[in-house]
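Asker: Just the structure for this:
(chains A, B, C and D)
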Number of protein chains: 4
Amino acid sequence: MGESKQIRVGIVGASGYGGVQLVRLLSEHPHADITYLGGNSSAGREYVEIYPHLAVPLTVEAVSVEVIVNRCDVVFLSLPNGLACELAPQLLARGCKVLDLSADYRFANLDIYQTWYGNDRSDAGTNQQAVYGLPELFGECLPEARLVGCPGCYPTASLLAIAPLLKQGLAQPDSLIIDAKSGTSGGGRQAKEHLLLAEADNSLAAYGVAKHRHTPEIEQICSRLAGREVMVQFTPHLVPMVRGILSTVYANLRDPGLVREDLHTIYSTFYRRSPWITVLPTGVYPQTKWAWGTNRCFLSIEVDARTGRVIVMSAIDNLMKGQAGQAVQCFNLMHGLDQQMGLPKQSFYP
Amino acid sequence: MGESKQIRVGIVGASGYGGVQLVRLLSEHPHADITYLGGNSSAGREYVEIYPHLAVPLTVEAVSVEVIVNRCDVVFLSLPNGLACELAPQLLARGCKVLDLSADYRFANLDIYQTWYGNDRSDAGTNQQAVYGLPELFGECLPEARLVGCPGCYPTASLLAIAPLLKQGLAQPDSLIIDAKSGTSGGGRQAKEHLLLAEADNSLAAYGVAKHRHTPEIEQICSRLAGREVMVQFTPHLVPMVRGILSTVYANLRDPGLVREDLHTIYSTFYRRSPWITVLPTGVYPQTKWAWGTNRCFLSIEVDARTGRVIVMSAIDNLMKGQAGQAVQCFNLMHGLDQQMGLPKQSFYP
Amino acid sequence: MGESKQIRVGIVGASGYGGVQLVRLLSEHPHADITYLGGNSSAGREYVEIYPHLAVPLTVEAVSVEVIVNRCDVVFLSLPNGLACELAPQLLARGCKVLDLSADYRFANLDIYQTWYGNDRSDAGTNQQAVYGLPELFGECLPEARLVGCPGCYPTASLLAIAPLLKQGLAQPDSLIIDAKSGTSGGGRQAKEHLLLAEADNSLAAYGVAKHRHTPEIEQICSRLAGREVMVQFTPHLVPMVRGILSTVYANLRDPGLVREDLHTIYSTFYRRSPWITVLPTGVYPQTKWAWGTNRCFLSIEVDARTGRVIVMSAIDNLMKGQAGQAVQCFNLMHGLDQQMGLPKQSFYP
Amino acid sequence: MGESKQIRVGIVGASGYGGVQLVRLLSEHPHADITYLGGNSSAGREYVEIYPHLAVPLTVEAVSVEVIVNRCDVVFLSLPNGLACELAPQLLARGCKVLDLSADYRFANLDIYQTWYGNDRSDAGTNQQAVYGLPELFGECLPEARLVGCPGCYPTASLLAIAPLLKQGLAQPDSLIIDAKSGTSGGGRQAKEHLLLAEADNSLAAYGVAKHRHTPEIEQICSRLAGREVMVQFTPHLVPMVRGILSTVYANLRDPGLVREDLHTIYSTFYRRSPWITVLPTGVYPQTKWAWGTNRCFLSIEVDARTGRVIVMSAIDNLMKGQAGQAVQCFNLMHGLDQQMGLPKQSFYP
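Answerer: Predicted coordinates:
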């Protein structure tokens, strides 16, 4: 694509945590011009008033399809579940591409969506066009995509850890247990009592055990990878930190003779064209902080010869590779750009 | 008082952070029986459902003067400002003693209250009876008190640091600068965006500069101690931690020849009958964590011979000595009990 | 035992995190008198100089068997692994009872100890007398015990979660997966780079995957409970908080028809005489902070009917029920005292 | 300077916190090539082994003047105090420019350095060439500089807050009180007990009261700005967070009629050519997190008409504008580059 081509982008839901990452990334993206910020609760406010650390001279506007389609080539929707499926059909119909960060367009099978999210929908046709925006697995579909359902944060970390196991038939699919841990920013910017510093700091707990909505999302893709129905055990935990997800995945190996060096080779090969994936040297386990502020995913694979199990650890920044960063990665691929463009690679530390 | 005498106590506002400290302390207090928990937002809920870590078999009830006066000898009011001044006159009139944790009964001069809190009140007569519940300074008034206005958290930490300076005429009153730092639990349990872990963690800022409502409360007592009008500079800061206040107080010494050992002696003497005050050895500065969960105040005094200033550091747990613990200390003194009764002395560490 | 009987206790390793909990608990214990604090690195220092928040007027002394046996009826050893097995035989021989907080006396089979801890030992005879100090499972052995090997923090949290499953034959033993998460105080007070706040804060990682030394300790007791050899998958994680362990345990149910209410009943019955265990109402999952500073263990059981698995969550304070508090609980039972004596029940919150 | 000119840079002390910031920044700097990483304790290690989150294919080498001068045009020294003054004269003599991040070249008057740092030195001649690397105040000296003494973190935050007051004669110089608060990364990567997460988390304390070594550094520049000797009161505090400094500065106004809008105008004018300074709108106070990972300094000015004082708040990232970022800013100015080159402007949030 030519150097001079600028893509006009809009962000709906600009004042939330997804929104503020998108604004930061896209305001410095070489091929994007932010032409619209939408959000009903913040409509009329200068963006710098909401986030004084960002020198972005834009004003949040009320959400209007008319305004969006006139001003934007692409729009990112960063809204609560159940709103994108109202907006997207109208936007697509009028020529605007859509990257949705909610759950609305993540499910090929809308029955599953409706069972877990409890929402009646009339956009089955639109839903069929949606591409699941996990570029390391489905990147080849993105250049043609007009509607992308960006994955959830837990599914991203978990599926990147699991994919080589299932794709290569290395593990028993129904033995998959995903013990995932997330910082509190995953709960968004709405003030909720249990996310107060005074409540969440220095405490740790599981939640949504055996019933979290990311379960069917993970299972849908695992099933596709394994070529059969797969059920997983998925348990999320809330950790006293701002950002970061660590997924610790357990599975029974089909061939208990495999050692961790074998798996290291298999993973490295599997992800050899995935610049955002770092397969760590054997024996080095990922710290979530290594991914802070970047779009990277760090993977490490361990084998327990005593038990015949493989343990895969996967660390991401839940708001970047787990949300806004991945959406920008998809945006790049939709437009023929380098998938690393405009995305931070090196975290600061400490 | 006889060993067998049990005092029937009620707690209004039982589900907030002040309330939960009171419930924990009073449920284990040798001479208190909790006979009533009130709170409109939680009315009807089992207490253990709100705070599963407390094995207190009580139910929160709607607030009713009738019920309180029938069941309680004393009631602790832990409510937003402006509510206690409605309730207290009725409770006192029907024979119930009141310990109020809000700002309503902290000001001898209601004009000052009204200027800073903006609230018209008709209980001037009741207000006159109120004792300012800082036992280290006004403990002799508590045995006769029927209404106690418990001090704010910042004033407690700050006044305990300042009192010997002003009482002994050691410092120039108008040179007082109080730079105070607090954990986020001081903001209460209401969900507020800026108190979310994702917002407040790893960040630090001042707030209410030159206009925080604890300023006139501090000045009122400083003026009483100095025997003249005193104005102070008070700046609170929000620190990424749950509990604790550190007040760093600066003042110009009248006699620049004083050394820190002199001041250590003066402070130790001043507080020799105050079991909750620990004047640290010279050169040891208080950590807020040392006071965690206890009713203690740690003080340290430093002199800068170069500048002629004294620097006093004062550390408390904002919810204990800064709030509920101090209220129980006042309750003890109102009833002729040991002022340490029912209050934790030794913090756990780390 | 008579009210008046005081037990003379010593603490060796008094300046570490285990030591400081013991000092705090035993200095307020109604039937203990601390008569000796030992520690070579702090020998000669006043205890209040090391921990200014504790008003304990004692001095740390060099470690001397002669002094200990003259002054103490019982001694708590809170030392690095491999030291207690030198001291204990001498102390026992001269009539002093021993509670050891290290790994030295946790293993009935010394071969396992030597495989995982790499330490040649000549005290096999002494080792045979040791009781594994997990009172909820082996409390009946404690009244006669003269030597107690107190459990590790992870094994305590994990075994309390697992015991009813194995003892009642509810789960397939080899399906046990323990995903455990701990605060950083488990690493002790030695300054280590990876435990610095600047490194550990806002980060999360697994460690010791497939090779942590608590694995054989857990397996030893699981095997005893199941009446057959059991191997478990155990993965510890370091969480950015000071205290607390959460163990999330996964197992395949033998009878997939069991529902969580069944298991709630079984657990409640199993622990009906264990005052330190709280089986939470179904659907309530433990927060580690609920156990802060107390000797309590909070358990919650969930069943996933889709996968046929049970998920048990177990939360403790790693330095209390996971270390010093449990040692005091054992001490109580060794001396015919109420097992709750001298131990905090109610955490402060928040 | 021509687009194509690349400057060969070395970093000595590459494995500490100053070093890792420099490596990250310079590895992405458009006009710098890192040609040397030095560090005696890490000599021989791959850099990615020390910091796995940085994909920098370099090896740390033993420190050798010979190697440095052969390979580098400029070298950054990030070493403990007292080492740079040994290395710098040799490096300069052989044509290598030096940016020193320690205290060694911050003092025009070596007597003051020796009084506070206790170090005899023989490099008075070299010291005379040093420029104090605070570009907002002394930027005009940098293009000619061959040796830069980069300021301390506290002096940077404090002096940027104070400079307009003294330069314009607005405040009484001897009334200056600086109450500063820092995250724990300021203590470096050496493992120290009091910087452990288990110790420092959820606690807060002052340190170095009336004797911190940054006092004379601040006074030296204040005196230069005021044109007379100035003494300040400086109190640092340790805050439970990783990065960030907030300096709260108090001073008596000479003209008590000034209002905050006046001072806002004066500050905005003073810093109108300083792209790294953001003077916030009146009434908005800086959060340290807004500066996270960037080279920015956020300032806010408040006036208390009651007391006649001005309160200035200044927030920076202690490792960026307070250390490595500022060194790169100096490097840019030494080489005629845009002072913003290679430095992050927009923090991520939350």
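Asker: going forward, measure contacts and count neighbours with C-alpha atoms only.
Answerer: Will do.
Asker: In three-state terms, label residue A:208 for me.
Answerer: Under the three-state scheme (DSSP: H, G, I helix; E, B strand; the rest coil), residue A:208 adopts coil.
Asker: ok, it - how many residues close by?
Answerer: 15 (other Cα atoms under 10 Å in any protein chain shown).
Asker: now swap in residue A:252 and tell me
Answerer: By the criterion of other Cα under 10 Å, residue A:252 has 22 neighbours.
Asker: Enumerate the beta-bridge partners assigned to the residue nearest to it when sequence neighbours are not counted.
Answerer: Of all residues not flanking residue A:252 in the chain, residue A:309 sits nearest, at 4.5 Å (Cα to Cα, 6 or more residues apart in numbering or on different chains). Assessed by DSSP bridges, residue A:309 has beta-bridge partners residue A:252, residue A:304.
Asker: residue contacts, residue A:309?
Answerer: A:250-253, A:256, A:303 (Cα atoms under 8 Å, 6 or more residues apart in numbering or on different chains).
Asker: could I get those residues as JSON lines with distance to residue B:324 and pLDDT?
Answerer: Output for the contacts of residue A:309, formatted as JSON lines (distance: Cα to Cα, whole Å; pLDDT from 0 to 100):
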{"residue": "A:250", "distance to residue B:324": "47", "pLDDT": "98"}
{"residue": "A:251", "distance to residue B:324": "50", "pLDDT": "98"}
{"residue": "A:252", "distance to residue B:324": "53", "pLDDT": "98"}
{"residue": "A:253", "distance to residue B:324": "56", "pLDDT": "98"}
{"residue": "A:256", "distance to residue B:324": "59", "pLDDT": "86"}
{"residue": "A:303", "distance to residue B:324": "52", "pLDDT": "98"}
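Asker: Check the residues you listed and tell me the two furthest apart.
Answerer: Greatest spacing in the contacts of residue A:309, by Cα to Cα: A:250 and A:256 (13.8 Å).
Asker: Look at these two and report which has more neighbours.
Answerer: residue A:250 (24 against 17).
Asker: Name the SS class of the more buried one, please.
Answerer: Per three-state DSSP, residue A:250 ends up strand.
Asker: Quick one: neighbours of residue A:193, just the number.
Answerer: Residues contacting residue A:193 under the criterion other Cα under 10 Å number 17.
Asker: same thing with the one 10 residues further on?
Answerer: The tally of other residues near residue A:203 (other Cα under 10 Å) stands at 28.
Asker: again with residue A:138
Answerer: Residues near residue A:138, counting by other Cα under 10 Å: 11.
Asker: How about the contacts made by it?
Answerer: Here residue A:138 is in contact with A:131-132 (criterion: Cα under 8 Å, 6+ apart).
Asker: Sketch out the low-pLDDT regions of the stretch 1-150 of chain A for me.
Answerer: For the stretch 1-150 of chain A, the stretches flagged by pLDDT under 70 are A:1-4.
Asker: for it, what spans make up the strands?
Answerer: A:7-12, A:32-38, A:74-77, A:97-100, A:131-132, A:147-149 (DSSP state E, counting those that start in this stretch).
Asker: So whichever residue of the stretch 201-350 of chain A sits closest to chain D versus residue B:237, what's the distance?
Answerer: Relative to chain D, the nearest point of the stretch 201-350 of chain A is residue A:290 (4.9 Å; Cα to the nearest Cα). Residue A:290 is 30 Å from residue B:237, where distance means Cα to Cα, to the nearest Å.
Asker: what's around the one residue in the stretch 1-150 of chain A that gets nearest to chain D, how many residues?
Answerer: Proximity of the stretch 1-150 of chain A to chain D (Cα to the nearest Cα) peaks at residue A:53, 4.9 Å away. Neighbour count of residue A:53, defined by other Cα under 10 Å: 24.
Asker: what does residue A:121 give?
Answerer: 14.
Asker: Can you tell me the closest non-neighbouring residue to it?
Answerer: Nearest to residue A:121 is residue A:85, by Cα to Cα, 6+ apart, at 7.6 Å.
Asker: Please apply the same query to residue A:276.
Answerer: residue A:296 is the one closest to residue A:276 (Cα to Cα, 6+ apart), at 4.8 Å.
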